[in-house]
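Novice: build me a model:
(2 chains)
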Amino acid sequence: EAQVTQNPRYLITVTGKKLTVTCSQNMNHEYMSWYRQDPGLGLRQIYYSMNVEVTDKGDVPEGYKVSRKEKRNFPLILESPSPNQTSLYFCASSFGPRDGSNQPQHFGDGTRLSIL
Amino acid sequence: SQQGEEDPQALSIQEGENATMNCSYKTSINNLQWYRQNSGRGLVHLILIRSNEREKHSGRLRVTLDTSKKSSSLLITASRAADTASYFCATGLRSFKTIFGAGTRLFVKA
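Specialist: Here you go, the predicted structure:
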């Protein structure tokens, strides 16, 4: 089954304790992306990756790191989490742009992070 | 900065009625997509319209795009209770960033 898998689904942690949210897709997609969703703000893009070893900042990259060492995986790293990073996080993937146009994205089920 | 803004923020209709949601954006796009989200779940892609297209249909969905006004609309015809969800527009920029709006919450009463 084609899917984007995020882990963990829920996490409560404390300020400053490094954490990693993993994301894996089995569709051989080139494009992967992380978003955070906050009430009233919709989804905001944190980082995206066009392919292995290629990452770019989205609209809200501060406080986050990513890496793309393999095509299927795109982990999100919070080196020193703070309470303002409490949010619902989504990983998504798609085929790379075709004819200069983004492709439909497949989303994971989300990771709810609470940072105390 | 948020690119897409949906209007209305919330919409409540009776089953069988049509639902129309609007999206406005600010800069040049390569395409515009609509997604659906059931409460707290991941988003599901509904339809994509390219910047050189004006209208597209998929089942009960009809999407229009007016690049001169930087706006799009999503029409769901003959709505069903199962259409209750949040709907988001997403603009694909030439940098291949994706910008989502804040969404419209649709409630369809049976």
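
Novice: can you list the strands that the helix or strand bottoming out on mean pLDDT in chain B pairs with?
Specialist: Across the helices and strands of chain B, the lowest-confidence element by mean pLDDT, DSSP states H and E is strand B:5-7, at a mean of 82. Taking DSSP bridges as the criterion, strand B:5-7 forms sheet pairs with strand B:19-24 (antiparallel).

Novice: ok, residues contacting the partner strand?
Specialist: Identification of contacts with strand B:19-24 by C-beta atoms under 8 Å, 6 or more residues apart in numbering or on different chains yields B:4-8, B:11, B:13, B:32, B:34, B:69-76, B:79, B:83, B:87, B:89, B:101, B:104, B:106, B:108. Heads up, the C-betas are built off the backbone N, CA and C, glycines and all.

Novice: what of stretch B:49-61?
Specialist: So stretch B:49-61 is contacted by A:101, B:28-34, B:46-48, B:62-67, B:72, B:74-79 (C-beta under 8 Å, 6+ apart).

Novice: hmm, try it at 7 Å
Specialist: A:101, B:29-32, B:46-47, B:62-65, B:67, B:72, B:74, B:76-78 (C-beta atoms under 7 Å, 6 or more residues apart in numbering or on different chains).

Novice: okay, strands next: where are they in the chain?
Specialist: No chain specified, so I'll use chain A. For chain A, the strands defined by DSSP state E occupy A:4-7, A:10-13, A:19-25, A:31-38, A:42-51, A:54-57, A:65-66, A:76-78, A:87-94, A:106-107, A:111-115.

Novice: I was thinking of chain B, sorry if that wasn't clear
Specialist: Assigned by DSSP E, the strands in chain B fall at B:5-7, B:10-14, B:19-24, B:31-37, B:43-50, B:55-58, B:61-66, B:71-76, B:85-92, B:98-100, B:104-109.

Novice: quick one, which of those is nearest to residue A:89?
Specialist: Comparing the strands of chain B against residue A:89 with C-beta to C-beta, the closest turns out to be strand B:43-50 (12.7 Å).

Novice: what about residue 58, neighbour count?
Specialist: As the question left the chain open, I've gone with chain A. 22 (other C-beta atoms under 10 Å in any protein chain shown).

Novice: um, chain B though
Specialist: Neighbour tally, residue B:58, other C-beta under 10 Å: 11.
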